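Trainee: Prediction below, plus the sequence it came from.
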Amino acid sequence: MKLWTGIVTPHLQACRDFYVRAFGCNVLFEEDWFVLLELGGGELGLLAPQQAAQHPRFRTATNGQGAWVTIDVEDVHAIRQRLIDQGITPDSEIREESWGDRHFIVTDPAGITVDIVQRLA
């Protein structure tokens with residue numbers, strides 16, 4: 001088995017470009033209605049809304065609330081600076097959590113929170 005996730009968004013190209021540019025995701029599949037990205041063995045699907053061939057639950061675009069994507073990195077400080085250099089403004093400062101994560105967040109073009117995490121423990 002394998003776990004992966006998807007986001008229904010009208011911003012396919014903007015999201016594709018965001019994940020490819022910011023994190024170096026590979027594009028595994030791309031059509032005008034769907035993009036499949038890969039990073040480190042994990043996959044993220046981007047689906048255009050209102051696709052008649054899809055089940056109705058997959059037709060409504062997300063509003064970005066209540067969902068997030070996590071990207072594990074080796075050096076959270078270096079990634080944060082790289083994103084800033086690309087013109088991507090982080091939504092938080094770097095935090096160190098009691099459970100051993102160091103992280104910060106940004107928002108993708110679909111409104112999804114992206115948690116950039118360095119696991120310290």
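Mentor: Good, I have the coordinates.
Trainee: Can you classify the residue nearest to residue 82 when sequence neighbours are not counted by secondary structure?
Mentor: Spatial nearest neighbour of residue 82, chain neighbours left out: residue 22 (7.9 Å); criterion: Cβ to Cβ, 6 or more residues apart in numbering. All C-beta atoms are positioned from the backbone trio N, CA, C, and that covers glycine. Three-state call for residue 22 (DSSP: H, G, I helix; E, B strand; the rest coil): helix.
Trainee: Contacts only, for residue 22.
Mentor: Residue 22 sits next to 82-83, 86, 88, 106 when contact means Cβ atoms under 8 Å, 6 or more residues apart in numbering.
Trainee: redo that, cut-off 7 Å
Mentor: 83, 86, 88 (Cβ atoms under 7 Å, 6 or more residues apart in numbering).
Trainee: Go through those and flag which are in helices.
Mentor: residue 83 (DSSP state H).
Trainee: Buried among the contacts of residue 22? Make that a PyMOL selection.
Mentor: To isolate the buried members of these in PyMOL, using 16 or more other Cβ atoms under 10 Å:
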select buried, resi 83+88
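Trainee: Phi and psi next, for the residue lying closest to residue 21 once chain neighbours are set aside.
Mentor: Leaving aside its chain neighbours, residue 21 sits nearest to residue 86 (6.4 Å; criterion: Cβ to Cβ, 6+ apart). Residue 86 adopts backbone torsions of phi -90, psi 0, taken as degrees, to the nearest 10.
Trainee: can you tell me how far residue 86 sits from residue 46?
Mentor: 19 Å (Cβ to Cβ, to the nearest Å).
Trainee: next one: residue 77
Mentor: 28 Å.
Trainee: Which of the two has more residues huddled nearby?
Mentor: Comparing residue 77 with residue 46 by neighbour count (other Cβ atoms under 10 Å), the higher total belongs to residue 46, at 24 against 12.
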